[in-house]
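[1] got a predicted model here, sequence first, then my questions.
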Amino acid sequence: MNILLFGKGGQVGWELQRSLAPLGELVALDFDSTDHCGSFTDLKGLADTVRELKPDVIVNAAAHTAVDKAESEPELVRQLNALAPGRLAQEAASVGAWLVHYSTDYVFDGSGSRAWVESDTPAPLSVYGRTKLEGEQLIQATGPRHLIFRTSWVYAARGGNFAKTMLRLAQERERLTVIDDQIGAPTGAELLADVTAHAIRHVLQRSSDGGLYHLAAAGETSWFDYAKHVLAQAKALRPNLQIKATEVLPVPTSAFPTPAQRPHNSRLDTRKLQATFGLQLPPWQSGVNRMLTETL
């Protein structure tokens with residue numbers, strides 16, 4: 001099997017290089033790759049790459065994910081999050097390849113407290129959310145065999161993440177304030193990559209199981225409780241860690257105004273994915289703890 005991966009330098013793309021390698025021959029590209037075009041600003045180049053390599057599976061881990069910056073550059077964001085995935089869908093259909101794509105809880109408006117299911121009506125609040133939804137729709141309308149995974153609160157040991165930021169601030173400040181009215185499940189890039197590899201193997205045997213799935217770690221938390229968990233776990237792992245913060249206080253989203261509006265309810269119902277692929281998704285704490293063990 002020949003696999004073509006876009007976005008190899010991102011958090012999810014980095015882990016996908018590991019998880020996809022045992023499945024077949026892997027060509028992994030980024031926006032600055034020189035051997036083949038991996039830039040999502042070059043639609044013709046992307047098409048030429050797919051036509052030349054004729055992969056069996058295309059995995060797209062590339063995206064514009066700077067949610068606030070997206071508000072000031074909507075045309076670029078649409079190119080990266082919607083038009084380029086749409087073009088990949090066209091080329092996947094033409095060469096008979098599967099297309100795997102990642103989307104987000106930001107396609108929903110964050111209302112209510114029930115976990116979102118795949119059939120709920122999207123109503124994105126931001127440029128990022130709208131373009132990710134359009135990317136989904138273009139893939140579905142074009143009609144290649146596909147897997148679309150909506151996920152939430154993605155982190156990885158490699159690069160920056162919320163946990164690392166909280167640990168740094170806790171060593172610099174005596175008092176931290178953290179948002180407590182946004183609820184979701186921190187989801188590790190490792191988990192996304194491993195489930196992706198499992199799902200690809202599955203749909204190659206049962207193509208009827210392709211489609212749209214919600215994929216996130218089990219359980220739920222607020223950013224405030226996430227921060228408290230990170231600090232407690234860090235102290236348990238490294239008792240000599242110099243934590244200056246003596247107070248961690250909950251505040252509403254309104255305390256931190258941002259250009260992009262964020263959903264309050266980022267809960268994703270993953271029962272469809274678990275039932276279809278025979279998986280049990282681990283609690284969010286286990287992935288965060290493992291990441292902290294690796295980085296501390």
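    Arrived safely, thanks for sending.
[2] any idea how far Asp48 is from the residue sitting furthest away from the middle of the chain?
    Residue farthest from the centre of the chain, counting by CA atoms, centre = their mean, is Asn240 at 33.3 Å. Distance, Asn240 to Asp48, using CB to CB, to the nearest Å: 55 Å. Any C-beta I mention is one placed from the backbone N, CA and C, and that applies to glycine too.
[3] before we move on, what about Leu167?
    Distance of Leu167 to Asp48, computed by CB to CB: 44 Å.
[4] of those two, which one has the most company?
    Leu167 (22 against 14; other CB atoms under 10 Å).
[5] quick one: contacts for the more buried one?
    230-231, 234 (CB atoms under 8 Å, 6 or more residues apart in numbering).
[6] who wins on neighbours among those residues?
    In terms of neighbours by other CB under 10 Å, those top out with Val230 at 24 neighbours.
[7] quick check: nearest residue in space to it, chain neighbours excluded?
    In space, and not counting its chain neighbours, Val230 is closest to Ala163: 4.5 Å by CB to CB, 6 or more residues apart in numbering.
[8] which SSE is that neighbour in?
    Here Ala163, judged by DSSP states H and E, is contained in helix 162-172.
[9] CA atoms of that helix as PDB?
    Extracted as PDB, the C-alpha positions of helix 162-172 are listed here (Å, rounded to 0.1, in the frame of the first residue of the first chain):
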ATOM      1  CA  PHE A 162      -1.600  24.200  27.000                       C
ATOM      2  CA  ALA A 163       0.000  22.000  29.700                       C
ATOM      3  CA  LYS A 164       3.500  23.400  29.000                       C
ATOM      4  CA  THR A 165       2.100  27.000  29.000                       C
ATOM      5  CA  MET A 166       0.500  26.400  32.400                       C
ATOM      6  CA  LEU A 167       3.700  24.900  33.900                       C
ATOM      7  CA  ARG A 168       5.700  27.800  32.600                       C
ATOM      8  CA  LEU A 169       3.300  30.400  34.000                       C
ATOM      9  CA  ALA A 170       3.000  28.600  37.300                       C
ATOM     10  CA  GLN A 171       6.800  28.900  37.700                       C
ATOM     11  CA  GLU A 172       6.600  32.600  36.900                       C
END
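[10] would you mark the buried spots in it?
    162-164, 166-167, 169-170 (16 or more other CB atoms under 10 Å).
[11] for stretch 179-188, buried residues please.
    179-180, 182-188.
[12] stretch 136-145 now?
    Across stretch 136-145, burial judged by 16+ other CB under 10 Å covers 136, 138-139, 142, 144-145.
[13] perfect, I'm done here.
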